[in-house]
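> Sequence and computational prediction follow.
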Amino acid sequence: MKHVYARAVLASLPLLAAHPVLAQDAPATTGGQDDPIVVTPVTLHPAAGLMNEHTHDGGEFMIGLRYTRSRHAGSSQSGTDPVSDAEILAAGYKVKAQEMTMDMVMLDLMYAPNDKLTLMVMPHWMRHEMTMVGIDPMNTGSAGMDMDGMDMGHGHAGLPFGQSMTHSVQGLGDTLVSVSYRLANTPRFKAHATLGVWAPTGKADRKNPDGTFVHYMMQSGSGTWDVEPSVTVAGQSGMVGWGAQASYRWRTESSNDSGFAFGDKAQVSGWLSYLVDDGFSLTSRVTWEHEGQVLGHYNDPHNHRTPADRQENYGGDRLLAGFGANVALPFGGNERPQIGVELGVPVYQNLNGIQLPEDWRASISLSDTF
């Protein structure tokens with residue numbers, strides 16, 4: 001029943017919104033005067049974990065930094081059902097993933113040459129850490145282990161029953177370059193279309209010390225050129241903002257130099273925001289994600305001892321609920337630096353093959369506009 005309470009609360013939140021409340025469209029007056037009180041938008045971001053969600057006026061430049069951590073843990077899952085160690089062993093695997101964390105650091109650089117176009121470059125830095133555990137009760141010896149009992153090849157070949165091992169990979173990830181075009185820009189309604197291109201600046205050929213490829217999910221890059229179009233709409237009424245975004249990441253190549261390609265990824269998000277005061281807003285978001293399984297196959301030595309080593313154990317569908325806040329820092333004039341935070345948990349997961357389910361993901365962002 002882990003996270004049941006949190007998931008129930010988050011799932012009860014309605015769809016959430018893109019431009020957290022431009023409350024100047026619902027002005028208030030003081031003392032019978034006619035001059036409205038204009039409330040400055042608390043943030044340009046509806047949620048810290050969402051990309052390409054806003055545009056800028058001509059001449060504006062924005063720099064931002066985002067950090068996201070996701071954690072996968074718990075019982076392995078196939079489809080929507082948990083899978084026992086005995087079932088994983090019967091499927092031919094001697095080792096399973098016990099826990100995995102993924103860290104992403106993203107630099108946002110945005111510039112609007114005019115009121116219609118906003119350009120963005122977003123390089124990524126990635127770190128993956130995974131803990132594996134032996135599940136074969138017949139393996140109680142030290143085959144493949146050195147004198148200190150360590151797995152010499154990080155291939156998990158000799159990982160005895162119940163013994164765990166943690167390994168990690170880090171480095172530069174792929175870089176997103178995008179252009180957004182404003183379709184509508186009124187106080188009550190905004191819309192824009194974005195065309196993004198992912199450049200394969202991250203490595204997709206990382207290997208273990210024994211010369212075998214790491215698990216597919218441990219690669220810091222895709223190794224393929226990807227195209228990601230998206231459409232975002234947003235609006236506001238009084239102190240409440242709303243919005244939605246749909247995107248599709250298309251892998252334009254059937255395989256990279258290592259012989260594989262990650263599956264295409266579709267995502268739809270809806271959000272609401274509420275302006276608590278002129279420097280603080282609350283956000284909630286519901287997101288559906290679909291990702292295809294890995295295509296192709298490693299073309300150099302690799303393992304098949306864990307579910308993470310096989311391409312059919314990737315992809316599936318997730319429904320996540322998130323809750324966050326945006327804060328405008330008390331300095332910087334009208335364009336105050338802004339901090340956003342968001343915590344999301346899956347409320348539904350239907351996974352291909354045998355996988356470790358996602359437990360939670362958290363994001364924090366800091367941005368300033370000039």
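Cool, the structure landed.
> Spell out the residue ranges of the helices in this protein.
Taking DSSP state H as the criterion, the chain carries its helices at 4-11, 85-90.
> Comparing those, which yields the minimum mean pLDDT?
When the helices of the chain are compared by mean pLDDT, helix 4-11 comes last with a mean of 42.
> Output the below-cut-off pLDDT ranges for the stretch 101-250 of the chain.
In the predicted model of the stretch 101-250 of the chain, residues 141-158 satisfy pLDDT under 70.
> Recalculate using a threshold of 90.
Along the stretch 101-250 of the chain, the parts satisfying pLDDT under 90 run over 137-160, 162, 186-188, 210, 236-241.
> Could you do the stretch 251-370 of the chain as well?
275-280, 305, 328-338, 369-370.
> show me where it has strands.
260-261, 265-277, 280-291, 295-296, 316-328, 338-355, 358-369 (DSSP state E, counting those that start in this stretch).
> For those, could you give me JSON lines that also reports distance to residue 92 and mean neighbour count?
Glycine gets a C-beta too; all of them are placed from N, C-alpha and C. Shown next, in JSON lines, are these (distance: least, Cβ to Cβ, whole Å; neighbours: other Cβ atoms under 10 Å):
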{"stretch": "strand 260-261", "distance to residue 92": "20", "mean neighbour count": "23"}
{"stretch": "strand 265-277", "distance to residue 92": "28", "mean neighbour count": "20"}
{"stretch": "strand 280-291", "distance to residue 92": "24", "mean neighbour count": "21"}
{"stretch": "strand 295-296", "distance to residue 92": "20", "mean neighbour count": "17"}
{"stretch": "strand 316-328", "distance to residue 92": "20", "mean neighbour count": "21"}
{"stretch": "strand 338-355", "distance to residue 92": "10", "mean neighbour count": "20"}
{"stretch": "strand 358-369", "distance to residue 92": "24", "mean neighbour count": "19"}
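> looking at these, which is closest to residue 118?
strand 358-369 (11.4 Å; Cβ to Cβ).
> For the closest one, name the packing helices and strands.
strand 61-73, strand 316-328, strand 338-355 (3 or more Cβ pairs under 8 Å, 6 or more residues apart in numbering; DSSP states H and E).
> The longest one vs strand 358-369, what angle?
In this structure, strand 338-355 runs at an angle of 150 degrees to strand 358-369, with axes from the mean of the first three to the mean of the last three Cα atoms, to 10 degrees as the basis.
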